[in-house]
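> okay, predicted coordinates and the sequence, questions at the end:
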Number of protein chains: 2
Amino acid sequence: MKLTQQQIDDFNREGWVWREKSGAPRTAFAAHLYNEAFGLLGAHPRMIDPVEQIFGEKVYMHQYKINAKSAFTGDVWQWHQDYGTWKRDDGMPQPRAMNIAIFLDEVMPINGPLMLVPKSQHAGDLKASHDLATTSYPLWTLDEETVTQLVEQGGIVAPTGKAGGMLMFHGNLVHGSAGNITPYPRKIVYLTLNAVSNYIRKPTRPEYIAHRDFTPIQTVDDDALLRLARAHRQAAE
Amino acid sequence: MKLTQQQIDDFNREGWVWREKSGAPRTAFAAHLYNEAFGLLGAHPRMIDPVEQIFGEKVYMHQYKINAKSAFTGDVWQWHQDYGTWKRDDGMPQPRAMNIAIFLDEVMPINGPLMLVPKSQHAGDLKASHDLATTSYPLWTLDEETVTQLVEQGGIVAPTGKAGGMLMFHGNLVHGSAGNITPYPRKIVYLTLNAVSNYIRKPTRPEYIAHRDFTPIQTVDDDALLRLARAHRQAAE
């Protein structure tokens, strides 16, 4: 998976890449809308089916992002709950949306893995402050006292794994990640799948961040990505 | 081990604590000179004897520091070799000084452990730039290309362990550490032991950072710290 120059130009023109303070790419949005492979990934039954199973209804794509956590310069994500932002900024009624993380690189303990506070989703929607200072990206973050208390109860886990690994987590699960100073990038695709009945009511963020197309996702065949890769390989031969 | 208010006031007055940009303590210097327990630790045979064994001569204390890597706010140490600074800033002739790290807290993969690049000490004294920007502490740091190359050859290890754990590493070993966003502080004491014949020739840093007392360390008894702790306990009863 390499972006073409055209796609990189699009990114730069449309502003769909949020950059770190250093200038390094931080987050690329909505890649499922202009890239076939990312589109198939966002409709893949291995990601969609389990979430529909949990919510008991169809889901649509609320947000689609690639978080780079670049080598050497990948910056912190402060402790937060995703639903805190979906509620406050997008007017999402309930935490009936779910993140699916797919590792594009190997996630190691040393390259800024996602850190999760188990059981913290039971704490509900916690008080948060809009952090516009510590990183380049605005985020509703939790205070140190709250995090300390939740970690005392639940600890911290930092799931690692090879490229291709997948992780689902609740919209109210407290999580964050430290900076990455290693030469190992740590790219993760996040699908945010929202129950269709839970569509957002008062969006304030741009449409390329918080989507307004509430159409239920129709899954593709399980081998759709393999077939695309094979077709590309044949075309290149 | 708790500092008294008097000691905290001393720190604040004398400026022996280097602070993070956030204001949190980053590094406390020369604690062996005003605290009995840290003094005994700096003359403990389990730290001193192995280094004398490697250098084949007596050693003195070139630097004594406690790096806090505070909970939530502990900042990055960029990739560097310690000897780079000892040579450029202190006029140390050879890399015949050694760091002994003693963990005061549990060092975990998630709270900003020291990351070491194995075998990088064989690369000798590498080209470095004086980084005065990325953190609050001036440091001679390595560029990304150099680090990438060394990591390709040697990988990265991040030793972890309970409080009381100890780690020795070569003055030219490339190392760094990411920030700590967890509620777990990661305090480490570093003794920098220099071979007496390798005393520093052109010090430019303050004496509380780069010591000018080249007297060989006389080790204390192996149970000296235990006895001190026992005496304190009895005095408190």
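All right, it came through fine. As the structure is a prediction and not an experimental result, all values here were calculated from the model. Residues are numbered from 1 along each chain as shown, chains lettered A, B, ... in the order given.
> check which helix or strand covers A:L191.
Assigned by DSSP states H and E, A:L191 belongs to strand A:188-195.
> can I get that strand in PDB, CA atoms only?
What follows is strand A:188-195, C-alpha atoms only, in PDB (Å, rounded to 0.1, in the frame of the first residue of the first chain):
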ATOM      1  CA  ILE A 188      -3.100   2.300  12.600                       C
ATOM      2  CA  VAL A 189      -6.300   2.500  10.700                       C
ATOM      3  CA  TYR A 190      -9.400   3.300  12.900                       C
ATOM      4  CA  LEU A 191     -12.900   2.600  11.700                       C
ATOM      5  CA  THR A 192     -15.400   4.300  13.900                       C
ATOM      6  CA  LEU A 193     -18.600   2.400  13.300                       C
ATOM      7  CA  ASN A 194     -21.800   3.900  14.600                       C
ATOM      8  CA  ALA A 195     -25.200   2.200  15.000                       C
END
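> skip ahead from it and say which helix or strand is next.
Heading C-terminal from strand A:188-195 (DSSP H and E), you reach helix A:224-236.
> can you list contacts of that next one?
Contact with helix A:224-236 is made by A:36-37, A:40-41, A:43-44, A:221, as judged by Cβ atoms under 8 Å, 6 or more residues apart in numbering or on different chains. (C-beta placed from N, C-alpha, C; glycine too.)
> most neighbours among the residues you listed, which one is it?
A:L41 (24 neighbours; other Cβ atoms under 10 Å in any protein chain shown).
> right, and that one touches A:V189 too?
Yes: counting by Cβ atoms under 8 Å, A:L41 touches A:V189, with 6.5 Å between them.
> got any residues that touch both of the two?
With Cβ under 8 Å, 6+ apart, A:L41 and A:V189 have common neighbours A:I102.
> pLDDT score for the residue of chain A at minimum distance from chain B?
Residue nearest to chain B within chain A (Cβ to the nearest Cβ): A:P109, separated by 3.7 Å. On pLDDT, A:P109 comes in at 97.
> before we move on, what about A:Y199?
In this model, A:Y199 is scored at 98, pLDDT.
> any stretches of chain A with poor pLDDT?
Applying pLDDT under 70 to chain A flags the ranges A:1-4, A:7-16.
> show me where it has strands.
For chain A, the strands defined by DSSP state E occupy A:17-19, A:25-29, A:59-67, A:77-80, A:97-103, A:115-116, A:129-131, A:139-141, A:166-170, A:175-177, A:188-195.
> got the angle for the last one vs strand A:97-103?
Between strand A:188-195 and strand A:97-103, the angle formed by their directions is 160 degrees, by axes from the mean of the first three to the mean of the last three Cα atoms, to 10 degrees.
> strand A:188-195 packs against which elements?
helix A:36-41, helix A:45-55, strand A:59-67, helix A:82-90, strand A:97-103 (3 or more Cβ pairs under 8 Å, 6 or more residues apart in numbering or on different chains; DSSP states H and E).
> in CSV, list those along with distance to chain B.
Listed next are these as CSV, based on distance: least, Cβ to the nearest Cβ, whole Å:
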stretch, distance to chain B
helix A:36-41, 27
helix A:45-55, 27
strand A:59-67, 16
helix A:82-90, 17
strand A:97-103, 17
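> just to revisit the earlier point, what sits against the residue nearest to the residue of chain A closest to chain B when sequence neighbours are not counted?
Using Cβ to Cβ, 6 or more residues apart in numbering or on different chains and skipping residues adjacent in sequence, the residue nearest A:P109 is B:P109, 3.7 Å away. Contacts of B:P109 were listed using Cβ under 8 Å, 6+ apart, and they are A:109-110, A:158, B:158, B:160.
> now, of those residues, which are buried?
A:109-110, A:158, B:158, B:160 (16 or more other Cβ atoms under 10 Å in any protein chain shown).
> which among those residues gets closest to B:I200?
B:A158 (30.2 Å; Cβ to Cβ).
> pretty sure that closest one contacts B:G112?
No: applying Cβ under 8 Å, one finds B:A158 not in contact with B:G112, separated by 9.5 Å.
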